[in-house]
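Chemist: Any chance you can model this:
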Amino acid sequence: MIQLYIGNKNYSSWSMRPWVLMRQAGIDFEEVMVRFDAFTPDSRFKQVVASINPVGKVPVLVHEGLVVWDTLAIAEYLAEQYPDKTLWPVGREARARARSVCAEMHSGFAALRSACPMNIEAHLPDVGALAMRDNAAVRADLQRIVGMWSGLLAEHGGPMLFGHFSVADATFAPVVMRLITYALPVPDEVAAYMSRVCALPGVRAWMDGALAEKDFIDFEEPYRLHP
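Modeler: Residues are numbered from 1 along each chain as shown. From the prediction side, this is the model:
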């Protein structure tokens, strides 16, 4: 069986992507959660993860002795292993577009990720309002996300970005979490899409797991001293 090494569900946005992808697509896997105790070389997290992944980061997929890391690489591997799951859109143009927006998420939106780190358990609308007021790069990131999602939903007719659930929706699921936590302003069609994402069984299961952790990690909490 596939093993997927992940970090804390409340904080680990990169872990969320392949976990949700497999859970929503009905791909069986064993979850191996490695708690974020610290990211120093001598931390248990680094020691455990570095023993299987030279980068020392999660997520990591292990299958039949093969180790695959990085969310996009994992998604591509799963798409090859399970072609019947249609993890990417079927059409060539839509598939290329989906890969493009996933790669854009993978390498971009640094301002939003920095100012609004994933924290599913928290509710931080005041922090979100300050980020929108004071940080032009955050405003630009949000504008791009809203424009991207609105355009794709209009083009493909919903309910997901490319019609049916795909790697793209799993890739942007942590962004949905951020927009909710920090109450960033979005138009109605984007808010409706976010609600549909949260209602997906795979996403709901991740969120429930995050809320059940009750594990306050101070170095992951730039805005709170306690839960």
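Chemist: How about residues contacting stretch 159-173?
Modeler: Residues outside stretch 159-173 that contact it (CB atoms under 8 Å, 6 or more residues apart in numbering) are 16-18, 20-21, 24-25, 71, 75, 79, 86-89, 94, 97-98, 101-102, 105-106, 145, 149, 152-153, 156-157, 193, 196-197, 200, 202-203, 206. (Glycine included, C-beta is placed from N, CA and C.)
Chemist: So which of those belong to helices?
Modeler: Members of the contacts of stretch 159-173 lying in helices (criterion: DSSP state H): 16-18, 20-21, 24-25, 71, 75, 79, 94, 97-98, 101-102, 105-106, 145, 149, 152-153, 156, 193, 196-197, 202-203, 206.
Chemist: which among those residues end up buried?
Modeler: Neighbour counting by 16 or more other CB atoms under 10 Å classes 16-18, 20-21, 24-25, 71, 75, 79, 94, 97-98, 101-102, 105, 145, 149, 152-153, 156, 193, 196-197, 202-203, 206 among the ones in helices among the contacts of stretch 159-173 as buried.
Chemist: tell me the domain boundaries of this protein?
Modeler: Annotated domains of the chain cover 2-85+213-220, 92-209 [automatic domain parsing].
Chemist: Quick check: end-to-end length of the longest one?
Modeler: Domain 92-209 has an end-to-end distance of 35 Å (criterion: CA to CA, to the nearest Å).
Chemist: For it, what is the distance to the chain centroid?
Modeler: 9 Å (CA atoms, centre = their mean, to the nearest Å).
Chemist: And the strands in this protein?
Modeler: 2-6, 29-33, 60-63, 66-69 (DSSP state E).
Chemist: Format those as a markdown table; extra columns: mean neighbour count.
Modeler: A markdown table is the format used below for the strands of the chain (neighbours: other CB atoms under 10 Å):
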| stretch | mean neighbour count |
| --- | --- |
| strand 2-6 | 20 |
| strand 29-33 | 15 |
| strand 60-63 | 20 |
| strand 66-69 | 15 |
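Chemist: returning to that earlier point: want to try CSV for the domains of the chain, with mean pLDDT as columns?
Modeler: Formatted as CSV, the domains of the chain follow (pLDDT from 0 to 100):
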stretch, mean pLDDT
domain 2-85+213-220, 97
domain 92-209, 98
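Chemist: who wins for proximity to H226 among these?
Modeler: domain 2-85+213-220 (6.6 Å; CB to CB).
Chemist: residues touching the closest residue to R17 other than its chain neighbours, list them.
Modeler: Closest residue to R17 apart from its sequence neighbours, by CB to CB, 6 or more residues apart in numbering: T71 at 4.5 Å. Going by CB under 8 Å, 6+ apart, T71 touches W14, R17, P18, P59, H106, T171.
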